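Visitor: need coordinates for the below:
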Amino acid sequence: MCAPLWKDAALTPETPSKQFAVVVATDITDEGLSLLRGEDDLIVHTIAPTADALRDYLPTVHALIARDDVTIDRALLDAAPNLRVIGRVGASLNGIDIDAASVRGIVVMNTPGVSAIAAGEHTVTLILALARRLVEAHNSLGAGFWLLDRRRQAGTQLMGKTLGIIGYGRVGRVVAARCLAFGMQVLAADPYIREEQIEDRRIQLVGLKELLNKSDIVSLHVPATAETRTLIDARAIGLMKRGARLINTAFGGAVDADALHEALVSGQIGGAGLDVYAQEPPYNSPLIGMDNVIHTPHIAENTVEATQDLSLQIAAQVMDALRDEDYRNVVNLPFLPGVEYETTRPYLRLAERIGAILGVLARLPVRRIAVEYRGDDMEGLVKPLTVALLKGVLTPAFGESVNYINAPMLANERGIQVTRARGLHTAEYTSLVSCQFTLEDGETITIAGTLLDRREAHIVQINDYRMDFIPEGYLLILGSYDSPGVIGKVGTLLADNGVNIATWQTGRAGRGGSTLTVLTLDEPLTDGVLESLRGQAFVRHAHPIDLNG
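Guide: Here you go, the predicted structure:
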């Protein structure tokens, strides 16, 4: 049972600053809403999926949950300065300006695969309905006719026919499995699928042209991309068997409606089953009302079971993303499929802290970053670690507005070049993140870090200084001359000002030269204490850094 829309009298557009405002502009189940409303840090608004209903909530909304009947364009994003998460119910990303959202650092997520069974079963429903002329027979009997024309109403069997599946993803696999059970031969065309990825040897992977040439029924299961737009045009239709049938439950723009209409009239295409359209609602489509077209109003994913699963999943995903606990199914984050965020998070934290320390030490803007990742643990993490590193570097300049999504774009705008490196002169650890930063005047700063037990971040080197400290809390990075009495003088100065030292790590490049000390403090230094410290003859530089976030 779906909860009623736009009926939440106790809620207003004003939201307490310490809570997240979540706007649900679609119908999700009562269980999905209850999951959201049961959290103390969330205030939930349920509204109609219209621009007018959204307008009052945009200034304060932190997360927006909607389907593809809500267009999330640049104008909407500009009106929502606090928006952090866009949750799309279903797999489709139509109508979301992902580039604009990414520049703003907004997480865009969907729920792929949740409704694969529903969409696959609806596809098979359309195939069967076309094959057996089901709608025509239904309408004939409803009009009072019994076997009006037995020959004209004769259907065709699926057994022995060839089904061509374009796009062998989750839904395509569901359709293939069910049609194999009917005794059909199944072909699949997908440039991103390899032979070894097809577990059922009865399914033959072929090129698109061969699939069109051989299939009695062609079923589309492709995402909405520039590559798939009008994939089935007049030329593709001309390659199909005469009288073949076309099914589309995936992306309306994948089919040239005018070319399909002409082919249906000429008999080149024997029938079509459509659930999606280039324009929705399809009021001006030439395909609506044709005798050899079965059309449904974008309901392939609309089952009780799928709606429940989608509602619960999008609610959980949005909550986790708002709290920075997990980023499942986020389409504009640099995480690889199958890499769990919880496993990746300690590495991201390490890289981000390296960037933050650099941000404090650098006298001038960073122009180049050379990164080296060492160890089996780093496999598959190069891109997310680099993004985390950039986030740390840029946070002093941009504050909370920089995140894992927009950090690469902001770095590019500031002219920061990032390259992979090998052989940086860093400590010998089996697993190591090493970064060499080149400043505007050519000076370089090298920082390296590792994880202890794959959990706890440790910085093990800054330039030529070997050390080992945990990058968290209130730190003081102190450069001094290697002379007697430095430790006592620093300790006394801080003690006289009521500052307690939790840890002390010192590294030196050589005897009698310079040293670098990192202190962890129980409280931040006041400006006065910092100036007193910098005024000591043995101090070369002193940089406080707050890593409590």
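Visitor: may I see the domains of this protein written out as residue ranges?
Guide: Following automatic domain parsing, the chain resolves into domains at 20-113+306-322, 116-295, 335-471, 473-549.
Visitor: TSV for those, including distance to N329 and mean neighbour count?
Guide: Where C-beta positions appear, they are placed from N, C-alpha and C, glycine not excepted. As requested, these are arranged in TSV below (distance: least, CB to CB, whole Å; neighbours: other CB atoms under 10 Å):
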stretch	distance to N329	mean neighbour count
domain 20-113+306-322	5	20
domain 116-295	12	18
domain 335-471	10	18
domain 473-549	26	15
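Visitor: just give the number of residues close to T303.
Guide: 17 (other CB atoms under 10 Å).
Visitor: if I look at the residue lying closest to L381 once chain neighbours are set aside, how far off is G375?
Guide: Distances taken as CB to CB, 6 or more residues apart in numbering place Y347 nearest to L381, at 5.7 Å, with adjacent residues excluded. As judged by CB to CB, to the nearest Å, Y347 and G375 stand 10 Å apart.
Visitor: if you average pLDDT over the helix or strand the residue nearest to L381 falls within, what comes out?
Guide: In this assignment (DSSP states H and E), Y347 forms part of helix 341-361. The pLDDT scores in helix 341-361 average 86.
Visitor: and that helix, what does it pack onto?
Guide: Here helix 341-361 touches helix 382-398, strand 432-439, strand 444-452, strand 456-462, strand 473-481, strand 539-547, going by 3 or more CB pairs under 8 Å, 6 or more residues apart in numbering; DSSP states H and E.
Visitor: what about 6 Å?
Guide: The helices and strands touching helix 341-361, judged by 3 or more CB pairs under 6 Å, 6 or more residues apart in numbering; DSSP states H and E, are helix 382-398, strand 432-439, strand 444-452, strand 456-462.
Visitor: between the ones you listed, which gets nearest to A356?
Guide: helix 382-398 (4.2 Å; CB to CB).
Visitor: show the average pLDDT along the helix or strand just after that closest one.
Guide: Counting by DSSP H and E, the next helix or strand C-terminal to helix 382-398 is helix 407-413. For helix 407-413, mean pLDDT is 83.
Visitor: ok, and what's touching helix 407-413?
Guide: 103, 387, 390-391, 394, 402 (CB atoms under 6 Å, 6 or more residues apart in numbering).
Visitor: now tabulate these in TSV and tack on pLDDT.
Guide: Listed next are those as TSV, based on pLDDT from 0 to 100:
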residue	pLDDT
V103	83
V387	87
L390	90
K391	88
L394	87
V402	80
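Visitor: of the residues you listed, closest to T156?
Guide: The closest of the contacts of helix 407-413 to T156 turns out to be V103 (CB to CB; 51.7 Å).
Visitor: next, the contact list for that closest one, please.
Guide: Counting by CB under 6 Å, 6+ apart, V103 makes contact with 406, 409.
Visitor: picking up where we left off before, please name whichever of the helices and strands packed on helix 341-361 is nearest to F145.
Guide: The minimum distance between F145 and those falls on helix 382-398, with 63.5 Å, by CB to CB.
Visitor: the closest one - contacts with which helices or strands?
Guide: Counting by 3+ CB pairs under 6 Å, 6+ apart, helix 382-398 packs on helix 341-361, helix 407-413.
Visitor: let's see 7 Å
Guide: helix 341-361, strand 366-374, helix 407-413 (3 or more CB pairs under 7 Å, 6 or more residues apart in numbering; DSSP states H and E).
Visitor: among those, which is nearest S34?
Guide: Nearest of the helices and strands packed on helix 382-398 (CB to CB): helix 341-361, 25.0 Å.
Visitor: what angle separates that closest one from strand 444-452?
Guide: Inter-element angle recorded for helix 341-361 and strand 444-452: 150 degrees (by axes from the mean of the first three to the mean of the last three CA atoms, to 10 degrees).
Visitor: what are the ranges of the helices in the stretch 51-200 of the chain?
Guide: With DSSP state H, counting those that start in this stretch, the ranges of helices along the stretch 51-200 of the chain come out as 51-55, 74-78, 98-103, 116-131, 134-142, 170-181.
Visitor: show residues contacting the fourth one.
Guide: Defining contact as CB atoms under 7 Å, 6 or more residues apart in numbering, one finds that helix 116-131 is touched by 135, 155-156, 158, 170-171, 174-175, 178-179, 217, 219, 245, 247, 249, 271, 273, 275, 294, 300-301, 303, 306.
Visitor: one more: stretch 210-223?
Guide: By CB under 7 Å, 6+ apart, stretch 210-223 touches 123, 127, 161-167, 169, 171-172, 175, 187, 189, 228, 231-232, 236, 239-241, 244-248, 250-251, 254.
Visitor: span of that stretch from start to end?
Guide: 21 Å (CA to CA, to the nearest Å).
Visitor: thinking again about what came up before, from the contacts of stretch 210-223, which land in strands?
Guide: Secondary structure defined by DSSP state E assigns 162-166, 187, 189, 244-248 of the contacts of stretch 210-223 to strands.
Visitor: sorry, back to before: roughly how far does the residue nearest to L381 sit from R88?
Guide: 28 Å.
Visitor: for stretch 99-112, measure first residue to last.
Guide: By CA to CA, one end of stretch 99-112 lies 20 Å from the other end.
Visitor: then stretch 224-244?
Guide: Start-to-end, stretch 224-244 (CA to CA) is 24 Å.
Visitor: residues in contact with it: which ones?
Guide: 92-94, 209, 212-213, 215-218, 220, 222, 246, 251, 253-256, 259-260, 263, 267-270.
Visitor: wait, isn't T438 in contact with T444?
Guide: Yes - using CB atoms under 7 Å, T438 makes contact with T444 at a distance of 5.3 Å.
Visitor: quick one: pLDDT of the residue nearest to L312 when sequence neighbours are not counted?
Guide: Take L312 and drop its neighbours on the chain: the residue closest to it by CB to CB, 6+ apart is G32, 5.4 Å away. Note for G32: predicted pLDDT of 96.
Visitor: ok, G32 to P544 distance?
Guide: Taken as CB to CB, the span from G32 to P544 is 46 Å.
Visitor: over to G160?
Guide: Separation of G160 from P544 (CB to CB): 77 Å.
Visitor: same question for K161.
Guide: Distance from K161 to P544, by CB to CB: 74 Å.
Visitor: and for G498?
Guide: Counting by CB to CB, the separation of G498 from P544 is 16 Å.
Visitor: cool, K391 as well?
Guide: 20 Å.
Visitor: likewise for N412?
Guide: For N412 relative to P544 (CB to CB), the value is 30 Å.
Visitor: returning to what we had before: with distance to L521 as added columns, please give the helices of the stretch 51-200 of the chain in JSON lines.
Guide: As requested, these are exported to JSON lines (distance: least, CB to CB, whole Å):
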{"stretch": "helix 51-55", "distance to L521": "47"}
{"stretch": "helix 74-78", "distance to L521": "41"}
{"stretch": "helix 98-103", "distance to L521": "37"}
{"stretch": "helix 116-131", "distance to L521": "53"}
{"stretch": "helix 134-142", "distance to L521": "76"}
{"stretch": "helix 170-181", "distance to L521": "52"}
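Visitor: nearest to L519, of the helices and strands packed on helix 382-398?
Guide: The closest of those to L519 is helix 341-361. By CB to CB, the value is 13.6 Å.
Visitor: export that closest one as PDB, just CAs?
Guide: Only the C-alpha atoms of helix 341-361 are listed here, as PDB (Å, rounded to 0.1, in the frame of the first residue of the first chain):
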ATOM      1  CA  TYR A 341      32.800   1.800   0.500                       C
ATOM      2  CA  GLU A 342      33.300   0.500   4.100                       C
ATOM      3  CA  THR A 343      36.400  -1.400   2.900                       C
ATOM      4  CA  THR A 344      37.700   1.600   0.900                       C
ATOM      5  CA  ARG A 345      37.000   4.300   3.500                       C
ATOM      6  CA  PRO A 346      40.200   3.900   5.600                       C
ATOM      7  CA  TYR A 347      42.300   4.300   2.500                       C
ATOM      8  CA  LEU A 348      40.300   7.400   1.400                       C
ATOM      9  CA  ARG A 349      40.800   8.800   4.900                       C
ATOM     10  CA  LEU A 350      44.500   8.300   4.700                       C
ATOM     11  CA  ALA A 351      44.800  10.000   1.200                       C
ATOM     12  CA  GLU A 352      42.600  12.900   2.400                       C
ATOM     13  CA  ARG A 353      44.700  13.400   5.500                       C
ATOM     14  CA  ILE A 354      47.800  13.500   3.300                       C
ATOM     15  CA  GLY A 355      46.200  16.200   1.200                       C
ATOM     16  CA  ALA A 356      45.200  18.100   4.300                       C
ATOM     17  CA  ILE A 357      48.700  18.100   5.700                       C
ATOM     18  CA  LEU A 358      50.100  19.300   2.400                       C
ATOM     19  CA  GLY A 359      47.500  22.100   2.400                       C
ATOM     20  CA  VAL A 360      49.000  23.400   5.700                       C
ATOM     21  CA  LEU A 361      52.700  23.000   4.700                       C
END
